[in-house]
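S.K.: Sequence unavailable; structure follows:
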């Protein structure tokens, strides 16, 4: 089996990448400095990257890891760049004009002309290779628009490069998407890259998946509300009942076809305590789809700890309301795609009042204006929970969603789902993603059955 080294870029997806490789049977080695390469023969070097182009390059150069990458390429060994790790294989990025990349390929990353920023979700690859038609997970605001080494493309607002491989130097490969968070499809693609095993499309079918103006696949998210290490469910944030083990449920929901898992410690903020890192680590170890963690995260150090534990994104509510600059601080360090602002709101006298502390304390904020401010500060997504609908089975508050959907940021609908038609309605209202908890926990419908209903109603979810 090939030996794999991971360049430590201090990016948020390192833990997820290591977990994915371990699930595939590899034992990856972390490369922190050039000396780490002397004690082992590394066959494949992977450059993860999530966040800011300039900061990733500065970190690589500060630890002389750029020389490690170049030396590996010169020895004709495989190098794989992921997300920003792919972009730094090129010359520059509009995101950081004063920084230079490794210039392995010519070209420059530039900001996507897309309807909502950042791009967060699943899109379909178009390629004349055997990865054509695969659905994979993207989180990015910048991309390479054209390149002579394009292996696959996709579309979000405009067409851009989703994967690269140099025909003259096929050992150099890059993915703008995250194979480590793309389920079985991502593992198949990563396996091909590790073994340099991409090939033309099989058989007589040479038709390439067309690139269209289609939106991202609407996401179905399974929510795990956790209290004292157990998944629970209530009605309007009260009358809490035990629903099971978070590790077992997360694994089950990925198997059923969930696009993401949301892990919310609903008691952490109230009890002035942090999430259970050990439990989050266990959950992350079972997943190969995105994991968002929220509850009790009050500082940069908290965010770093949970990203290192395997989370891909963090959800903030109370901490963001009382310390809005924290949103920008997290976005600047880890990237906007990492920041989900959870807005718990209740309709009171024709006003959507924002609540904090697990939905217990009202504020003077109004939901739509707070969402706009959160976006301006650098949030990547809004998790919108209609407190007055939560656990009622009445469906999502789509009147509010129609207003929220006009914002240039992805919005996740939450609160009130009881059947598949509620998901159809909220996606038609403009939701980018929608989540449920109780209907999944009680076994009233599987995620696979839900997605079948959505596809039958022309909602193009991930298959």
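M.R.: All right, it came through fine. Please read these numbers as outputs of a predicted model, since none were measured by experiment.

S.K.: So the residue lying closest to residue 129 once chain neighbours are set aside versus residue 130, what's the distance?
M.R.: Ranked by CB to CB, 6 or more residues apart in numbering and with sequence neighbours excluded, the top spatial neighbour of residue 129 is residue 198, at 4.8 Å. All C-beta spots, glycine's among them, are computed from the backbone N, C-alpha and C. Separation of residue 198 from residue 130 (CB to CB, to the nearest Å) stands at 7 Å.

S.K.: just residue 409 next, same as before
M.R.: From residue 409 to residue 130 the distance is 35 Å (CB to CB).

S.K.: Next up, phi/psi of residue 376, please.
M.R.: Main-chain torsions, residue 376, degrees, to the nearest 10: phi -60, psi -30.

S.K.: Quick one: residues contacting it.
M.R.: Residues counted as contacts of residue 376 (CB atoms under 8 Å, 6 or more residues apart in numbering): none.

S.K.: What score does it have for pLDDT?
M.R.: According to the prediction, residue 376 has pLDDT 97.

S.K.: for residue 239, same thing?
M.R.: Value listed for residue 239 in the pLDDT field: 61.

S.K.: buried set for the helix or strand containing residue 192?
M.R.: Assignment of secondary structure by DSSP states H and E places residue 192 within helix 183-194. Buried positions in helix 183-194, judged by neighbour count with 16 or more other CB atoms under 10 Å: 183, 185, 186, 187, 189, 190, 192, 193, 194.

S.K.: Now it: average pLDDT?
M.R.: pLDDT averaged over helix 183-194 gives 98.

S.K.: And stretch 115-135, by the same measure?
M.R.: 95.

S.K.: Straight-line length of that stretch, end to end?
M.R.: Terminal residues of stretch 115-135 are spaced 20 Å apart (CA to CA, to the nearest Å).

S.K.: if we can go back for a sec, which one's more surrounded, residue 409 and residue 130?
M.R.: residue 409 (22 against 16; other CB atoms under 10 Å).

S.K.: you'd agree the more buried one is up against residue 377?
M.R.: No - here residue 409 lies out of contact with residue 377, judged by CB atoms under 8 Å, at a distance of 11.0 Å.

S.K.: Can you spell out which residues form a bridge with residue 120?
M.R.: residue 139 (DSSP bridges).

S.K.: Neighbours of it, how many?
M.R.: There are 27 residues near residue 120, going by other CB under 10 Å.

S.K.: Next: residue 291.
M.R.: Residue 291, neighbours per other CB under 10 Å, totals 25.

S.K.: what are the ranges of the helices in the stretch 351-463 of the chain?
M.R.: 367-377, 398-404, 420-429, 438-441, 447-456 (DSSP state H, counting those that start in this stretch).

S.K.: For the shortest one, give me every contacting residue.
M.R.: This points to helix 438-441. In contact with helix 438-441 (CB under 8 Å, 6+ apart) are residues 222, 231, 233, 243-244, 249, 253, 391, 417-419, 445-447.

S.K.: ChimeraX command to pick out the buried ones of those?
M.R.: Buried residues within the contacts of helix 438-441, by 16+ other CB under 10 Å, are selected in ChimeraX with:
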select :222,231,233,243,249,253,391,417,418,419,445,446,447
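
S.K.: Flag the least confident of the contacts of helix 438-441.
M.R.: residue 233 (73).

S.K.: who's in contact with the residue nearest to residue 218 when sequence neighbours are not counted?
M.R.: Nearest in space to residue 218, with sequence neighbours left out and distances taken as CB to CB, 6+ apart, is residue 427 at 4.8 Å. Residue 427 is in contact with 218, 434, 454, 459, counting by CB under 8 Å, 6+ apart.

S.K.: For the second one, list each beta-bridge partner.
M.R.: Counting by DSSP bridges, residue 434 is bridged to residue 220, residue 413.

S.K.: Contact partners for it?
M.R.: Residue 434 touches 218, 219, 220, 221, 396, 412, 413, 414, 417, 423, 426, 427, counting by CB under 8 Å, 6+ apart.

S.K.: Also the first one?
M.R.: Listed by CB under 8 Å, 6+ apart, the contact partners of residue 218 are 427, 431, 432, 433, 434, 454, 459, 460, 461.

S.K.: likewise the last one?
M.R.: Residue 459 makes contacts with 218, 423, 424, 427, 428, as judged by CB under 8 Å, 6+ apart.

S.K.: mind redoing it with 7 Å?
M.R.: The neighbours of residue 459, taking CB atoms under 7 Å, 6 or more residues apart in numbering as the test, are 218, 424, 427.

S.K.: just checking, the second one touches residue 455?
M.R.: Read it as residue 424. No - Residue 424 is not in contact with residue 455 according to CB atoms under 7 Å; the separation is 10.5 Å.

S.K.: the more surrounded of the two?
M.R.: Per other CB under 10 Å, whichever of residue 424 and residue 455 has more neighbours is residue 424, with 19 against 13.

S.K.: Give me the spatial nearest neighbour of that one, chain neighbours excluded.
M.R.: residue 457 (4.8 Å).

S.K.: average pLDDT for stretch 73-81?
M.R.: 96.
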